[in-house]
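Peer 1: Sequence first, predicted coordinates after that:
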2 protein chains.
Amino acid sequence: METEISTIGEFGLIDRVTSGLTAGNPSTVKSVGDDAAVLSYPDTDVLVSSDMLLEGVHFDLTYVPLKHLGYKAAVVNFSDIYAMNGTPRQITVSLGISKRFTVEHIDELYSGIRLACEIYGVDLVGGDTTSSRSGLVISITCIGDVAKGEAVGRDGAHDTDLICVSGDLGAAYMGLQLLEREKTASAGMKDFVPRFEGKEYLVERQLKPEARKDIVARLAEAGIRPTSMIDVSDGLSSELLHICHASKTGCRVYEDRIPIDYQTAVMAEELNMNLVTAALNGGEDYELLFTVPLHCHEQIKKIDGVKVIGHITSENLGCALVTRDGTEMPLRAQGFNHLNQ
Amino acid sequence: METEISTIGEFGLIDRVTSGLTAGNPSTVKSVGDDAAVLSYPDTDVLVSSDMLLEGVHFDLTYVPLKHLGYKAAVVNFSDIYAMNGTPRQITVSLGISKRFTVEHIDELYSGIRLACEIYGVDLVGGDTTSSRSGLVISITCIGDVAKGEAVGRDGAHDTDLICVSGDLGAAYMGLQLLEREKTASAGMKDFVPRFEGKEYLVERQLKPEARKDIVARLAEAGIRPTSMIDVSDGLSSELLHICHASKTGCRVYEDRIPIDYQTAVMAEELNMNLVTAALNGGEDYELLFTVPLHCHEQIKKIDGVKVIGHITSENLGCALVTRDGTEMPLRAQGFNHLNQ
């Protein structure tokens, strides 16, 4: 089925993609269908975060299925809210759509957005739909809540705090390398079958990242409130520098502590890339990077999926990676910088 | 001065455009510089609205100065919040920027956004900045507040309610026609001076629209709560049909009551266009269209800048324009539909 969007028009498309939406959060008073959504946040602080994804810059539809793209676009916004120690509650979705997209394409994209909303308990409450001259544009704003005064920013790290990270790093970046390699290999070939065996984890990390809702919950259960927190979207180095800059501190991170999955290591070997560079600078992992007071060491060790990778220092000591042989290398932000591409 | 954006990078650009921002609203707890902004709305309902503007679809930089564009992009979002009977408090701004834009261009754009924020008392609290392969993309989300339960949607109009509109209609559309005409006339000519004498109002309505904050305030002062309200972004016909559809009513609007400025009429004459069609279907006026109970008639008449243009009927009577000779013409949404362009 291929239905041109012009046959149903802007309002028809909006009706279609928002039909049957139900609002599950008590804070959602009025959802789609008016000039603005109405929300109620009487006893909490409200968190707001926005992200824009552009075709050809942030995603390549030759290997990213639209449903996955929708899922990822929503999840990366949820991740920003979790990284503030909050819970995402609502999103608005603004789309710019070029003529090559059909109604069915947009249905696919929304099915991914809706799936993410369902899994994370978030309500889709509004947005905008318009035509684009070139490619797909997705702009999502996420609204969430956090107990009054409990938001965790980037600016609260202190000397001697432990630096912790969830999950593992570099896999999403290696997944991107793999997808790019297979895209190149498939050029001009009919019925090309990409080779992903033994590397499924990398592909999944790139195409279907998850936000670490579980980590925020486990920290709360353990009674640990991080002193600072950020999600790893641009790469560990870049995010650490953000925390240290905002907190006016330095840091030491130990190369041998950086969590890296086996598949990531194999792929780096195959591509003849430096594994630590990939783990430090590869973006889109959407893991949580946070600092906790030193006295939380024993408690943190008990939390599954969290690793202590270093510690905060005074500002004058700068930010450095300590390599396996004890050498200190200055940390630099070489993460994805979409403006320098 | 022309500074390439790559020389200062994404984070340098964000620092630059957000430097010196101060948050004036008590509800703004934490502004730019983290994963999310932190807001506090303890005693009110929260309103959220998003809009996306794309170069070549919504604006043409050959005749729209970047500062005006920034101002307009912000104001049209404020307008959505006023149209819910609320007050805009915060915005997030996400930009997609192609290589032909310099740091100074983005400064210009932001100077317009900041000016709008200053005039309307809105805090710029976050957003995203990324590169675009083609043209400028602006996505703004506006957050505002309204006293609990006092939000006015599109769905509350009742049979016999009076239909009111602020200001005048069709001028922004005529301004666009004028700008397009002068653009065509200037093609290939050096030192071309566009002719706007006697039509300044039209150009201003197109390039620098205002949101009707004053009308919302006057209605509140007069103790009038509209039963339904919407801002005129796509044209009077389209917006009236939204209200009637959402409220399950019909309507009668009188041709001779539609407020039209003298310059709009002159321009329609010059271009040999039907004036009423322009006023009914020309978009981007950002006036407020609202309904009030019949018993408010005397009070409404006293409010400067508001005109009663018709009344709501039962649904089975349909939606119609009553022409000067008493003929009923069905209303149709022929407004701007950016998906059908």
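Peer 2: Right, received. Where do you want to start?
Peer 1: Quick check: beta-bridge partners of the spatially closest residue to A:Val165 that is not a sequence neighbour?
Peer 2: Computed as Cβ to Cβ, 6 or more residues apart in numbering or on different chains, the closest residue to A:Val165 that is not its neighbour in sequence is A:Leu289, at 5.0 Å. Where you see a C-beta, it was placed from the backbone N, CA and C, and this is true even at glycine. Counting by DSSP bridges, A:Leu289 forms beta bridges with A:Val165, A:Ile230.
Peer 1: surely A:Leu289 meets A:Asp234?
Peer 2: No. Counting by Cβ atoms under 8 Å, A:Asp234 is not a contact partner of A:Leu289; they are 10.9 Å apart.
Peer 1: got any residues that touch both of these two?
Peer 2: Residues touching both A:Leu289 and A:Asp234 (Cβ atoms under 8 Å, 6 or more residues apart in numbering or on different chains): there are none.
Peer 1: mind listing what the closest residue in space to A:Met229 that isn't next to it in sequence touches?
Peer 2: In space, and not counting its chain neighbours, A:Met229 is closest to A:Phe290: 3.9 Å by Cβ to Cβ, 6+ apart. Neighbouring residues of A:Phe290 by Cβ under 8 Å, 6+ apart: A:Val152, A:Ile163, A:Cys164, A:Val165, A:Leu219, A:Pro226, A:Thr227, A:Ser228, A:Met229, A:Ile230.
Peer 1: A:Val75: which element?
Peer 2: helix A:66-82 (DSSP states H and E).
Peer 1: quick one: average confidence on that helix?
Peer 2: Mean per-residue pLDDT for helix A:66-82: 97.
Peer 1: and the angle for the very next helix or strand once past it with strand B:87-97?
Peer 2: Sequence order places strand A:87-97 as the next helix or strand after helix A:66-82, per DSSP H and E. Interaxial angle, strand A:87-97 versus strand B:87-97 (axes from the mean of the first three to the mean of the last three Cα atoms, to 10 degrees): 50 degrees.
Peer 1: Name the residues of strand A:87-97 that are buried.
Peer 2: A:Thr87, A:Pro88, A:Arg89, A:Gln90, A:Ile91, A:Thr92, A:Val93, A:Ser94, A:Leu95, A:Gly96, A:Ile97 (16 or more other Cβ atoms under 10 Å in any protein chain shown).
Peer 1: which is the next helix or strand following that strand?
Peer 2: Where DSSP H and E defines the elements, the next helix or strand beyond strand A:87-97 is helix A:103-120.
Peer 1: ok, which stretches of the stretch 201-341 of chain A are strands?
Peer 2: A:228-231, A:249-254, A:288-292, A:306-314, A:319-322, A:328-330 (DSSP state E, counting those that start in this stretch).
Peer 1: Now render those strands as a markdown table, adding mean pLDDT.
Peer 2: Converted to a markdown table, the strands of the stretch 201-341 of chain A look like this (pLDDT from 0 to 100):
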| stretch | mean pLDDT |
| --- | --- |
| strand A:228-231 | 97 |
| strand A:249-254 | 98 |
| strand A:288-292 | 98 |
| strand A:306-314 | 98 |
| strand A:319-322 | 97 |
| strand A:328-330 | 95 |
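Peer 1: okay, and for chain A, where does confidence drop off?
Peer 2: A:335-341 (pLDDT under 70).
Peer 1: Please parse it into its domains.
Peer 2: A:5-147, A:162-330 (automatic domain parsing).
Peer 1: Please work out which of the ones you listed is packed deepest.
Peer 2: domain A:5-147 (a mean of 21; mean count of other Cβ atoms under 10 Å in any protein chain shown).
Peer 1: now the end-to-end length of that domain.
Peer 2: For domain A:5-147, the first-to-last residue distance is 43 Å (Cα to Cα, to the nearest Å).
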